[in-house]
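A.B. asks: Next come a sequence and a model predicted from it.
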Amino acid sequence: MASVEVWVGRAWQQLSYGSDPPRAPESGTLRLRGFDGGETVMLGPLPFRAGADGCLSLRLSAEDGVRGHLGLIEVRRESGTAVGDVEVEPDKLSTAAYELLRADLERSWVGLLFDPDGIGKLCGVLPSPDDLWRVLEKPLRDIAAEPRSVIASREGARRLESVRRPCELTAGVVRASRLDRPGRSRVLSRDVDTPENALVAETLRRLAFYARRSADGFEVAALAGRLLRSEPFASCAASRRGMEASRMRTLHDPRYRRVDHVRRILDRPEAHATEGPGEARLGVKAIVRLYEYWVFLQVLTACARRYGPPFDPGFSILGRRSRSGTVRLGIPPGATVSFPGDVLAAFEPRIEASGRGWQSLENVPHPDKSLAQNLITPDVVVLSRASDPAAVVFDAKYVGRHWVDYEAARIHARYSRIRLDGRPVVRSVLAAHPHPGKDAVWAGYGSVPMIPGEPVELSHLLP
């Protein structure tokens with residue numbers, strides 16, 4: 001089976017695991033070759049068909065299924081074989097800003113999902129990629145210089161005068177010696193494809209994956225990928241057999257013992273069992289969607305601090321577990337978390353004019369026909385159903401600074417006319433945005449700065 005290649009810059013590059021994924025700009029063209037003619041190629045969960053020449057050319061900004069998506073896309077052949085990942089990069093905004101938002105979103109999500117108290121205590125407790133690399137650097141250098149190995153038999157060539165063991169003396173060697181040539185024989189050699197070295201390779205793969213998801217981890221990801229492509233780790237990059245059994249043997253070798261220690265850290269659920277943010281492995285739809293998810297998580301954290309831990313199922317609705325045990329960030333429209341005091345927080349709830357939508361809330365259409373809507377889906381709604389019902393609407397607006405006031409007034413017109421049992425309940429409609437110092441709150445509406453990487457205080461705004 002031919003290897004699959006991807007066009008990167010000005011050259012074709014083989015697509016494979018164990019190396020840094022090639023990167024494609026979100027508005028560029030993804031070009032792949034090496035498939036069978038007419039073969040179905042899976043990009044994440046989406047099928048595409050290669051041409052008769054085995055090539056696939058895909059303009060990412062023109063395809064509905066992948067337009068605006070950022071992050072890793074897994075490439076699979078029709079047989080189901082995964083051949084590697086391609087990383088779609090943002091090209092309409094600063095990569096640093098995107099990475100900061102993605103990292104902060106993941107820290108917030110992991111904290112809510114795995115913190116038993118539901119207030120995000122796990123946020124940021126894992127060592128940074130740089131810290132883990134400092135632990136690994138010397139052991140990896142020592143292992144590369146003198147890796148554990150076993151004596152293995154393989155087919156090779158031997159001259160009769162070079163035979164040292166009975167197993168090397170074959171009829172082929174004897175016949176070839178008459179012609180003064182080497183003959184086919186069984187040759188003993190040192191094999192570094194051992195479970196211990198496979199454990200090191202697996203640790204490097206996990207570290208590279210963990211580092212790529214961190215805002216400041218690209219250098220560590222590149223170093224880990226470079227080692228995976230070098231000996232002895234390249235020889236065992238695909239071997240995982242017996243790794244668990246090999247742990248007992250690593251206890252007696254301080255080099256492998258330190259690697260195993262890092263692997264155990266990367267085994268923690270918040271380090272490797274999360275593939276968010278993203279649905280399937282296709283990433284999240286652009287920076288706007290990423291920011292909407294992040295704003296919802298900040299509101300949930302604020303609700304937990306003010307009202308107390310959520311009722312079951314709590315924050316578990318934020319993750320979807322795959323058959324392999326991997327948890328992915330997935331917040332479906334209408335996802336609702338309940339808190340003490342009859343308080344509910346929902347993501348993109350459907351609120352209809354008929355009152356048959358989320359929590360029986362009723363949207364009263366605006367008298368201006370250009371603004372009237374029978375159905376609205378604000379990004380986040382926090383509703384208190386106490387004796388005096390009240391609601392606050394947050395709508396994420398990842399827009400330029402000069403657009404914030406305009407967007408705040410626009411969403412006020414859309415989302416302020418909500419009733420419960422015939423009573424108006426909306427206290428405030430707030431535009432969440434990433435610009436410091438722009439926090440004007442007018443009568444019933446306004447804007448609130450919510451900046452990734454910085455503390456967010458929302459308790460005083462909740463109903």
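C.D. replies: Done, it's in.
A.B. asks: mind listing what the strand or helix carrying V429 pairs with, with the direction of each?
C.D. replies: Using DSSP states H and E, V429 falls within strand 426-433. Strand 426-433 has the following strand partners under DSSP bridges: strand 390-396 (parallel), strand 445-449 (parallel).
A.B. asks: wait, what's in contact with the residue lying closest to L58 once chain neighbours are set aside?
C.D. replies: Closest residue to L58 apart from its sequence neighbours, by CB to CB, 6 or more residues apart in numbering: L30 at 4.6 Å. Where you see a C-beta, it was placed from the backbone N, CA and C, and this is true even at glycine. Residues counted as contacts of L30 (CB atoms under 8 Å, 6 or more residues apart in numbering) are V6, A24, L56, S57, L58, R59, L60, V86.
A.B. asks: After the helix or strand harbouring L30, which helix or strand is next?
C.D. replies: L30 belongs to strand 29-33 when elements are defined using DSSP H and E. Per DSSP H and E, the first helix or strand lying C-terminal to strand 29-33 is strand 40-43.
A.B. asks: Who are the packing partners of the single longest helix found in the chain?
C.D. replies: Counting residues, the longest helix found in the chain (DSSP state H) is helix 286-307. Counting contacts by 3 or more CB pairs under 8 Å, 6 or more residues apart in numbering; DSSP states H and E, helix 286-307 packs against strand 69-76, helix 95-114, strand 335-339, strand 343-347, strand 380-384, strand 390-396.
A.B. asks: relative orientation of it and strand 445-449 in degrees?
C.D. replies: 100 degrees (axes from the mean of the first three to the mean of the last three CA atoms, to 10 degrees).
A.B. asks: mind listing what's buried in the host helix or strand of V6?
C.D. replies: Using DSSP H and E, V6 falls within strand 5-8. Residues E5, V6, W7 are the ones in strand 5-8 that count as buried (16 or more other CB atoms under 10 Å).
A.B. asks: Now do the first one against G225, distance only.
C.D. replies: For E5, the distance to G225 under the criterion CB to CB, to the nearest Å works out to 18 Å.
A.B. asks: what about L15, distance to S57?
C.D. replies: In terms of CB to CB, L15 sits 15 Å off from S57.
A.B. asks: Show me where this structure has its helices.
C.D. replies: Counting by DSSP H, the helices of the chain are 95-114, 129-145, 171-178, 195-212, 218-228, 243-250, 254-266, 269-272, 286-307, 404-415.
A.B. asks: backbone phi and psi for the nearest residue to V66 once chain neighbours are set aside, please?
C.D. replies: Excluding the flanking residues, the one nearest V66 by CB to CB, 6+ apart is L60, at 5.4 Å. Main-chain dihedrals, L60, degrees, to the nearest 10: phi -60, psi -30.
A.B. asks: is it true that L60 touches R23?
C.D. replies: No: using CB atoms under 8 Å, L60 is not in contact with R23, being 11.8 Å away.
A.B. asks: Show the pLDDT at A62.
C.D. replies: We have a pLDDT of 78 for A62.
A.B. asks: what do you get for A224?
C.D. replies: 87.
A.B. asks: Kindly provide the distance from V41 to S27.
C.D. replies: 21 Å.
A.B. asks: Name the residue in these two with the higher neighbour count.
C.D. replies: Legend: neighbour count by other CB atoms under 10 Å for V41 and S27, higher for V41 (21 against 15).
A.B. asks: Tell me the bridge partners for that one.
C.D. replies: The partner residues for V41, given DSSP bridges, come to F48.
A.B. asks: Excluding covalently adjacent residues, which one is nearest to L223?
C.D. replies: L223 sits nearest to W133 (CB to CB, 6+ apart), 6.7 Å away.
A.B. asks: hang on, that neighbour packs against A222?
C.D. replies: No: here W133 lies out of contact with A222, judged by CB under 8 Å, at a distance of 10.8 Å.
A.B. asks: quick one, which of the two is more surrounded?
C.D. replies: W133 (20 against 14).
A.B. asks: Now do the contacts for that one.
C.D. replies: L207, V220, L223, A224 are the contacts of W133 under CB under 8 Å, 6+ apart.
A.B. asks: Out of these, which two are the most distant from each other?
C.D. replies: L207 and L223 (9.0 Å; CB to CB).
A.B. asks: Compare these two (neighbour count), which wins?
C.D. replies: Applying other CB under 10 Å to L207 and L223 shows that L207 carries more neighbours, namely 29 against 19.
A.B. asks: And that one, how close does it get to V135?
C.D. replies: Distance from L207 to V135, by CB to CB: 10 Å.
A.B. asks: Now list whatever residues contact both of those two.
C.D. replies: V262.
A.B. asks: Tell me where the model's unsure across the stretch 1-150 of the chain.
C.D. replies: For the stretch 1-150 of the chain, applying pLDDT under 70 flags the ranges 1, 17-20, 65, 68, 70, 90-99, 110-111, 113-126, 150.
A.B. asks: how about the CA coordinates for the longest helix of the chain, as CSV?
C.D. replies: C-alpha atoms of helix 286-307 as CSV (Å, rounded to 0.1, in the frame of the first residue of the first chain):
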residue,chain,number,x,y,z
ALA,A,286,-13.4,28.8,14.3
ILE,A,287,-12.5,31.3,17.0
VAL,A,288,-16.2,32.3,17.4
ARG,A,289,-17.3,28.9,18.5
LEU,A,290,-14.3,28.5,20.7
TYR,A,291,-15.1,31.7,22.5
GLU,A,292,-18.8,30.7,23.0
TYR,A,293,-17.8,27.5,24.7
TRP,A,294,-15.3,29.3,26.9
VAL,A,295,-17.9,31.9,28.0
PHE,A,296,-20.4,29.2,28.9
LEU,A,297,-17.7,27.5,31.1
GLN,A,298,-16.9,30.7,32.8
VAL,A,299,-20.6,31.3,33.6
LEU,A,300,-20.8,27.7,35.0
THR,A,301,-17.8,28.3,37.2
ALA,A,302,-19.3,31.5,38.5
CYS,A,303,-22.7,29.8,39.2
ALA,A,304,-20.9,27.0,41.1
ARG,A,305,-19.1,29.5,43.3
ARG,A,306,-22.3,31.5,44.0
TYR,A,307,-24.9,28.8,44.4
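A.B. asks: Many thanks, I have nothing further to ask.
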